[in-house]
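Chemist: Coordinates for the following, if possible.
(chains A, B, C and D)
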2 protein chains.
Amino acid sequence: MRRTNIPEAAIRRLPIYLRVASELAAADVPIISSAELAERTGLSPEQIRKDLAYFGAFGTRGVGYDTSLLSRRIARILGLHRGVRAALVGVGHLGHALARYSISQHKDIQITALFDTDPEKIGTDVMGVRIQPVSQLVETCRQQGVKIGILTVPASAAQSTAELMKQGGIEAILNFAPAKLKLDGVFIQNIDLTIELQSLAYYTSASEEDPGEGE
Amino acid sequence: MRRTNIPEAAIRRLPIYLRVASELAAADVPIISSAELAERTGLSPEQIRKDLAYFGAFGTRGVGYDTSLLSRRIARILGLHRGVRAALVGVGHLGHALARYSISQHKDIQITALFDTDPEKIGTDVMGVRIQPVSQLVETCRQQGVKIGILTVPASAAQSTAELMKQGGIEAILNFAPAKLKLDGVFIQNIDLTIELQSLAYYTSASEEDPGEGE
DNA sequence: CACTGTGAATTGATTCACAGCT
DNA sequence: AGCTGTGAATCAATTCACAGTG
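Modeler: Here you go, the predicted model:
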């Protein structure tokens, strides 16, 4: 019933709507129109209406969307209403920063386990979450019902760590390592800083095609 | 002549090809076919051929692509051949981690300036790059010819900081703040950790539509 | 012969335009 | 009257299928 014909692009926009809707609901703004949502998100009103309509009509014609209802519905669609547990592997500088940020910010996605191989780090904690050895990953993730993995290990360790995550019952991975993971049955989203920066360079006058060295 | 009909998606894949090609060239593998490239990147051979063909034919029919030539050509297309300077604003935990990583890793995109508003941080350095007050941003970026900005400030400061970046001559921004920047004439790429994690939850059994609280 | 390069076909996402509620 | 919800049209990206070439 789920995961059918709904564009992936639409799903990636739901958290944006969620953010705006819950901010407004918290500020006691009860209603927002697709036009206003468009204004605040930089998307088009039609796209917003279409995205929301994929999941059933929760607006009121002639009026708009109830911000409180909207935020609850989106949270439910994403499965955030009960709280989703995540584990982060590789507590280097980036991993540490992400862990701090996620542990402090998100109530809906909670990092409940941290793993590393460095004996110096194991046993220390990040904002109250203890760093465990990677050898504990499968067992701990299974015990805690962790569903999301955040991968901030070196590229060379990425594939094997991802496999452990799968064994531990993780169903979706946010991969920061510059490596393409091959892992069936697990949803993988890559964030690669090098790719982002390098492709950004293209949109810069630095790339203004000075006409090649010959060859 | 540039920025014409080439799909943005293709440009975002160039750094992937660049990585593989330069790794192979460094390992003295002189030639790679689109099929092998597909194998290593998880993309399709046709897509790779099409992407590369947008920028002119640099393969040899019946043979494949010269890895060394390929990496040089892509670097040139992206404008990386001369080195591109970047500035990072907001040296919190995430900013610090990204700065460390970028300063140490990338030769082609160099972070040459760091900015923050915190007097405690100003004057300290990250791997040899001194943190300056944001009040110096415009002047320093102009002086150094910085073209890329990395934005790791709180959401509330994102828009105003982005405007300073534009004033400083920055042409492309990698924005980690959860805010939609409105800024004409500057290419903006957003990375929003909350969005990534929340949309990941959808692909997890956590979201298995237990049928709502009614209303 | 084995590969690249590329028009044509397809698939997917966005935008348009309007019908349908409240 | 003013908004949502949605089929139809457009636009963009991917995949197909094969012609072209070293």
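Chemist: can you give me how far the strand ranked longest in chain A is from the chain middle?
Modeler: The longest strand of chain A (DSSP state E) is strand A:109-116. Taking the mean of its C-alpha atoms, strand A:109-116 sits 14 Å from the chain's own mean (CA atoms, centre = their mean, to the nearest Å).
Chemist: wait, residue A:12 sits on residue B:195?
Modeler: Yes - using CB atoms under 8 Å, residue A:12 makes contact with residue B:195 at a distance of 6.8 Å. (C-beta placed from N, C-alpha, C; glycine too.)
Chemist: tell me the SS of the residue nearest the centre of chain A?
Modeler: The centroid of chain A falls nearest to residue A:174 when counting by CA atoms, centre = their mean (6.6 Å). Taking DSSP: H, G, I helix; E, B strand; the rest coil as the rule, one finds residue A:174 in the strand state.
Chemist: Which pLDDT value belongs to it?
Modeler: pLDDT, residue A:174: 98.
Chemist: With adjacent residues omitted, what lies nearest to it?
Modeler: In this structure, residue A:174 finds its nearest non-sequential neighbour in residue A:150, 4.9 Å apart by CB to CB, 6 or more residues apart in numbering or on different chains.
Chemist: Confirm the one you found sits in a helix?
Modeler: No - applying three-state DSSP, one finds residue A:150 to be strand, outside a helix.
Chemist: what sits against it?
Modeler: Contact analysis of residue A:150 by CB atoms under 8 Å, 6 or more residues apart in numbering or on different chains lists A:86-89, A:95, A:98, A:102, A:111, A:173-174, A:176, B:197.
Chemist: could you say what helices and strands the helix or strand following the longest strand of chain A packs with?
Modeler: As assigned by DSSP states H and E, the chain's next helix or strand after strand A:109-116 is strand A:125-126. The helices and strands touching strand A:125-126, judged by 3 or more CB pairs under 8 Å, 6 or more residues apart in numbering or on different chains; DSSP states H and E, are helix A:93-105.
Chemist: anything in the helix it packs on near chain B?
Modeler: Yes - contact of helix A:93-105 with chain B is found when judged by CB under 8 Å from any CB of the partner chain, involving A:93-94, A:96-98, A:100-102, A:105.
Chemist: Going by neighbour count, which of those comes out on top?
Modeler: When neighbours are taken as other CB atoms under 10 Å in any protein chain shown, the top entry among the residues of helix A:93-105 next to chain B is residue A:98 (25 neighbours).
Chemist: in the helix ranked longest in chain A, what counts as buried?
Modeler: Ranked by number of residues, the top helix in chain A under DSSP state H is helix A:8-26. Neighbour-count burial for helix A:8-26 flags A:10-22, A:24-25 (criterion: 16 or more other CB atoms under 10 Å in any protein chain shown).
Chemist: Show me what that helix is in contact with.
Modeler: Applying CB under 8 Å, 6+ apart, the contact partners of helix A:8-26 are A:32, A:37, A:40-41, A:43, A:47-48, A:50-52, A:54, A:65, A:67-68, A:70-71, A:74-75, A:77-78, A:80, B:178, B:192, B:194-195, B:198-199, B:202.
Chemist: what residues do residue A:12 and residue B:195 have in common as contacts?
Modeler: With CB under 8 Å, 6+ apart, residue A:12 and residue B:195 have no common neighbours.
Chemist: Could you say which helix or strand holds residue A:178?
Modeler: Judged by DSSP H and E, residue A:178 forms part of no helix or strand.
Chemist: The one 5 residues further on too?
Modeler: Residue A:183 is part of no helix or strand, with elements assigned from DSSP H and E.
Chemist: Relative to residue A:143, how far out is the closest residue in space to it that isn't next to it in sequence?
Modeler: Sequence neighbours aside, residue A:162 is the residue nearest to residue A:183 in space, at 5.2 Å (criterion: CB to CB, 6+ apart). Distance of residue A:162 to residue A:143, computed by CB to CB, to the nearest Å: 20 Å.
Chemist: Which one of the two is surrounded by more residues?
Modeler: More crowded of residue A:162 and residue A:143, by other CB under 10 Å: residue A:162, with 24 against 13.
Chemist: contacting residues around the helix or strand hosting the more buried one?
Modeler: Using DSSP H and E, residue A:162 sits within helix A:155-167. Outside helix A:155-167, the residues that touch it by CB under 8 Å, 6+ apart are A:87, A:89-90, A:117, A:134, A:137-138, A:141, A:149, A:151, A:153, A:173, A:175, A:177-179, A:181-183, A:185-186, A:188.
Chemist: and that helix, C-alpha only, in CSV?
Modeler: Extracted in CSV, the C-alpha atoms of helix A:155-167 (Å, rounded to 0.1, in the frame of the first residue of the first chain):
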residue,chain,number,x,y,z
ALA,A,155,35.4,5.0,2.6
SER,A,156,37.4,1.8,3.1
ALA,A,157,35.2,0.7,6.0
ALA,A,158,31.9,1.9,4.5
GLN,A,159,30.8,-1.3,2.8
SER,A,160,31.5,-3.7,5.6
THR,A,161,30.0,-1.4,8.2
ALA,A,162,26.9,-1.0,6.0
GLU,A,163,26.6,-4.8,5.9
LEU,A,164,26.8,-4.9,9.7
MET,A,165,24.0,-2.3,9.9
LYS,A,166,21.8,-4.5,7.7
GLN,A,167,22.5,-7.4,10.0
